[in-house]
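Student: Predicted model follows, preceded by the sequence.
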Amino acid sequence: MVSERLMPPMSVPIVTRFAPSPTGYLHIGGARTALFNWLYARGRGGKFLLRIEDTDRERSTPEATEAILKGLTWLGLDWDGEPVSQFSMKDRHAEVARQMLARGSAYKCFCSQEEIEAFREAARAEGRSTLFHSPWRDANPATFPDAPYVIRLKAPQEGQTVIEDRVQGNVTFGNDQMDDMVCLRADGTPTYMLAVVVDDHDMGVTHVIRGDDHLTNAARQTQIYKAMGWSEPVWAHIPLIHGPDGKKLSKRHGAVGLHEYQALGYPAAAMRNYLCRLGWAHGDDEFFSDAQAKEWFDLSGIGRAPSRLDFKKLENLSGLHIAASADAALLPEIEAFLAASGRPALTSTQRDLLSRGLYCLKDRAKTFPDLIEKAHFILTSRPISPDQAAAKALDTVSRGILSELTPQLQNVSWVREDIEAAVASVAAAHGMGLGKIAGPLRAALAGRTVSPSVFDMMLVLGREESLARINDATG
RNA sequence: GGCCCGUUCGUCUAUCGGUUAGGACACCUGGUUUUCAACCAGGUAAGAGGGGUUCGACUCCCCUACGGGCUGCCA
């Protein structure tokens, strides 16, 4: 961790950005990167921008952009202004390349790709460095052929480039390890290296927080900043997220796309909490709100080692967030989950009952599917077909006892205390504890052996429905 | 191959030269209980290995091992 003393004065408005390439869904690691940027900006009154890095025309798709935007929206990360298409800035990128040319900090290189590839292959075969040194770096313009060319950065060949990284510390690269990177391709389109630097500069990005797979890129990008005389942003390269086995996260580890987590039924607040805590810490704080996260989040709390996904911990946090949510906020989230996971939507009756019953469901569910399972007594309708375990609980003896319950419940006032007393008296009449009668009663009311308290269920369902279900069960 | 980064309980992490190395998740035991969840009490469990520096290293330095990244006219 690096000291927070390197921070720029607070008077400088902070601008962060998330810059995904639209080649697929929003990756869980990308989501965390976005979250860190969002938290950092939002916690300091700064701006959080979104840029779609769509310069690779082959692989970029509008569907992927859509998926990324949807993912961020679900996660609750709002960005400032319109998302910027990097491709749309291509003329500006080319302009900057020309400027570098004019400044003498870049040059035209007429080497063909085949030529360079042949060189690299030979170098690799001989175990030599594959760094390519263009013969055109210091060539006389008079000798330029009438042929396509790329614009390469005239990078320093001696000395070193130092990245003052807020997570990784000072990282030094020998300039002799970097070749003159291509900034503008032969077809006039910009390369990634040029495009990011120009865009980050133009967008006024002050803090670049991204995956540490870009750490070495930062050194190259620094050279462009210097070539243009621009000031560098604050760098913060965060470690990647790995799978539970410590290997780079991939499909075989299960859910990789953020949308999968929504379909799995984790509330967005829990995802934010979990993702924020993954690779970052604020002392012993584990369970916290967005407001606290914004207040606490800083670059110095980010660890330097990659962290692994732990679904158990996510699940635990998920349960805590569901329990802490207000009923009114939970209901629409549950409905969104139902839609996202391809389950049937709630009928208006179900919605009413669910909103009435949420109080006894939310603190016993870890995820939305878990909650839905426990809300089975609400979502199902008569006649209820008990599952195997429930059917077992409704044996002849139990059914007999249950039938004695009906007259008792008929006249009792429908409040918890009285219902409980009625059930207890029937149980007592048979010399059994509440536990003995709760089992079959639960089976009759819910058709399951796992549910909220039988009294809560009766309260939520109402007298008429409750008695009807008991009658159904006792036949 | 070259360059760069990383390594504390199973997992996420605290620690910023002096602690019985703390917390959380998970797990185990016991309690509570109307099932589940929750809750209460307790427990198992860690500084990759080897050298230094220092009165004293998880903390600083070096080496090794193991992971990871970059090394494109991909991003």
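Tutor: Everything's here; your move.
Student: CA atoms only for the strand or helix carrying A:G357, dumped as PDB, please.
Tutor: Using DSSP states H and E, the element containing A:G357 is helix A:348-361. Provided in PDB are the C-alpha atoms of helix A:348-361 (Å, rounded to 0.1, in the frame of the first residue of the first chain):
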ATOM      1  CA  SER A 348     -51.300  -8.900  -8.100                       C
ATOM      2  CA  THR A 349     -52.600 -11.100  -5.300                       C
ATOM      3  CA  GLN A 350     -49.200 -12.600  -4.900                       C
ATOM      4  CA  ARG A 351     -47.600  -9.200  -4.800                       C
ATOM      5  CA  ASP A 352     -49.900  -8.100  -2.100                       C
ATOM      6  CA  LEU A 353     -49.400 -11.100   0.000                       C
ATOM      7  CA  LEU A 354     -45.600 -11.000  -0.500                       C
ATOM      8  CA  SER A 355     -45.400  -7.400   0.600                       C
ATOM      9  CA  ARG A 356     -47.400  -8.300   3.700                       C
ATOM     10  CA  GLY A 357     -45.200 -11.300   4.400                       C
ATOM     11  CA  LEU A 358     -41.800  -9.900   3.600                       C
ATOM     12  CA  TYR A 359     -41.200  -9.100   7.300                       C
ATOM     13  CA  CYS A 360     -41.000 -12.700   8.100                       C
ATOM     14  CA  LEU A 361     -39.200 -13.800   5.000                       C
END
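Student: ok now that helix, how far from the chain's centre?
Tutor: Relative to the chain's own centre, helix A:348-361 is displaced by 29 Å; criterion: CA atoms, centre = their mean, to the nearest Å.
Student: Kindly report the same for stretch A:70-77.
Tutor: So, by CA atoms, centre = their mean, the centroid of stretch A:70-77 is 8 Å from its chain's centroid.
Student: per-residue confidence averaged over stretch A:408-418?
Tutor: Across stretch A:408-418, pLDDT averages out at 91.
Student: Just the terminal-to-terminal distance for that stretch.
Tutor: For stretch A:408-418, the first-to-last residue distance is 10 Å (CA to CA, to the nearest Å).
Student: Contacts for it next, please.
Tutor: Identification of contacts with stretch A:408-418 by CB atoms under 8 Å, 6 or more residues apart in numbering yields A:419, A:421-423, A:425-426, A:455, A:458-459, A:462-463, A:466-467, A:470. Glycine gets a C-beta too; all of them are placed from N, C-alpha and C.
Student: before we move on, the earlier item: name the helices or strands packed onto the helix holding A:G357?
Tutor: For helix A:348-361, the packing partners by 3 or more CB pairs under 8 Å, 6 or more residues apart in numbering; DSSP states H and E come out as helix A:327-340, helix A:376-379, helix A:454-461.
Student: circling back: which two of the contacts of stretch A:408-418 have the greatest separation?
Tutor: A:S425 and A:G462 (21.2 Å; CB to CB).
Student: doesn't A:R277 make contact with A:G301?
Tutor: No. Taking contacts as CB atoms under 8 Å, A:G301 lies outside contact range of A:R277: 10.1 Å.
Student: Please say which of those two ends up with more neighbours.
Tutor: Under the neighbour definition other CB atoms under 10 Å, A:G301 and A:R277 were set side by side, and A:R277 has more, 19 against 16.
Student: and that one, what is it in contact with?
Tutor: So A:R277 contacts A:286, A:317 (CB under 8 Å, 6+ apart).
Student: now do 10 Å
Tutor: By CB atoms under 10 Å, 6 or more residues apart in numbering, the contact set of A:R277 is A:285-288, A:293, A:307, A:313-314, A:317.
Student: Could you check how far it is from RNA strand B?
Tutor: Separation of A:R277 from RNA strand B (CB to the nearest atom of the strand, to the nearest Å): 5 Å.
Student: same check, this time on A:G43
Tutor: A:G43 sits at a distance of 18 Å from RNA strand B (criterion: CB to the nearest atom of the strand).
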